[in-house]
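**Student:** Predicted model and sequence below, questions to follow.
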Amino acid sequence: MAQNDANRLTLGEQAARQLANTTKTVPQWSGITPRWLVSFLPWVPVEAGTYRVNRVKSRSGEDGVECSPDETDNLPETFVDYEEKPREYSLNAVTTVVDVQTRVSDLYSHPHDQIREQLRLTIEKVKEKQEDELVNNATYGLLHNVAPSMKVKTRKGPPTPDDLDEILAKVWKEPAIFLAHPRAIAAFGRECTRRGVPPPTTSIFGTQFLTWRGYPLVPSDKLRVSGDAKKAGSGKTSILLLRTGEKKQGVVGLFQPGIPGEVTPSLSVRFMGINQKAIASYLISLYCSAAVLTDDAIGVLEDVEVGHYHEYP
């Protein structure tokens, strides 16, 4: 080492770097997803955190309505009856507390503010949890609100064009999107390729989506895959098909605007104070839910195998 120092004619790179400023990124988290479901759902503002879905009783239909009745007959009479105990959806809170040591935020917040980055990343976690709850929550999650009559199983395991056509026959009144795990979309693509009918793509929100019968297959990793998806013939998931919007009696997201400390609709960040250990605390809360307005607004293709591959000559 001394010999090398003696032979050097200029300042070495390692020593010179001690006087240089390094360009640093903000913290990168691979767990952030596009959260397409949140983008595709129409969001309805609610009051007092409650949304009541009034439905017509099933026996109300076309009874009492006639076309061109005979002039000698009395006009038909009818009425539309409502459910006496409609379902009410309450907003759920996805919440957590972020703690930041004030000494850290005071001394180490240049060039990137420590509090801002802690809040940014935690908000991303909260939003990821929000989408997971929209799909999997036992009360309002989409997978748990599919009527038995709207459930279809795959014919042979892998998701085929016939399987997606079958679920389209269930949700046939102006469907909007398929929602599926990326592995399920890839498995469907393989089955289409095998049959020589590669699905076309469309651009939405500046992103390319595979489509089937004109409806986009929207990826979400919140539709979980059970089993070992890497092993051939194993790994199962579900594919949802949604009709969306209040006017179409579809699926809607629920939020409450104007909450204290709101930074985006229904998301609040509030400073809780500094304790005796000089730790500052921030409360992050996101209030949301989802509602299925009629049973035929959502269908599911179950037992979708994602680990099946084909051999090509």
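**Tutor:** Happy to help now that I have it. None of these values were measured; they are calculated from a predicted model.

**Student:** any low-confidence regions in this structure?
**Tutor:** Scanning the chain with the threshold set as pLDDT under 70 gives 1-6, 59-63, 228-233.

**Student:** what about the helices in it?
**Tutor:** Ranges of helices in the chain, per DSSP state H, are 2-7, 13-16, 36-40, 102-107, 114-136, 161-170, 182-194.

**Student:** Can you say which of the ones you listed is nearest to Ser58?
**Tutor:** Closest to Ser58 of those, according to Cβ to Cβ: helix 161-170, at 17.3 Å. The way it works is simple: take the backbone N, C-alpha and C, and place the C-beta from them, glycine included.

**Student:** Give me the contact list for the closest one.
**Tutor:** In this structure, residues lying in contact with helix 161-170 by Cβ atoms under 8 Å, 6 or more residues apart in numbering are 149-150, 152, 154-155, 175, 178, 188, 191-192, 195, 197, 212-213, 215, 239, 241, 296, 299-301, 304.

**Student:** so how many other residues sit close to Pro148?
**Tutor:** Pro148 has 6 neighbours, counted by other Cβ atoms under 10 Å.

**Student:** just to revisit the earlier point, so which of the helices of the chain gets nearest Glu246?
**Tutor:** For the helices of the chain, the distance to Glu246 is smallest for helix 36-40, at 14.7 Å, taking Cβ to Cβ.

**Student:** how about the closest residue to Glu131 other than its chain neighbours, what does it touch?
**Tutor:** Distances taken as Cβ to Cβ, 6 or more residues apart in numbering put Arg35 closest to Glu131, at 4.9 Å, once the chain neighbours are dropped. Counting by Cβ under 8 Å, 6+ apart, Arg35 makes contact with 127-128, 130-131, 220.

**Student:** which one of those is nearest Thr202?
**Tutor:** Ser220 (17.3 Å).

**Student:** Verify the stated contact: the closest one with Asp132.
**Tutor:** No. The criterion here is Cβ atoms under 8 Å, and Ser220 misses it with Asp132 at 9.1 Å.

**Student:** Among those two, which residue is more densely surrounded?
**Tutor:** Under the neighbour definition other Cβ under 10 Å, Ser220 and Asp132 were set side by side, and Ser220 has more, 23 against 19.

**Student:** can you list the helices of the chain in TSV and add distance to Ala291?
**Tutor:** Listed next are these as TSV, based on distance: least, Cβ to Cβ, whole Å:
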stretch	distance to Ala291
helix 2-7	72
helix 13-16	62
helix 36-40	14
helix 102-107	40
helix 114-136	11
helix 161-170	19
helix 182-194	25
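
**Student:** who touches Arg195 in this structure?
**Tutor:** By Cβ under 8 Å, 6+ apart, Arg195 lies in contact with 160-161.

**Student:** how does it look with 10 Å?
**Tutor:** Going by Cβ atoms under 10 Å, 6 or more residues apart in numbering, Arg195 touches 160-162.

**Student:** go on, Ile298?
**Tutor:** Counted by Cβ under 10 Å, 6+ apart, Ile298 has contacts 142-143, 145-147, 150, 170-171, 175, 179, 240-244, 250-251, 290, 292.

**Student:** can you rerun that using 7 Å?
**Tutor:** The contact partners of Ile298, by Cβ atoms under 7 Å, 6 or more residues apart in numbering, come to 142, 145-146, 150, 171, 240, 242, 251, 292.
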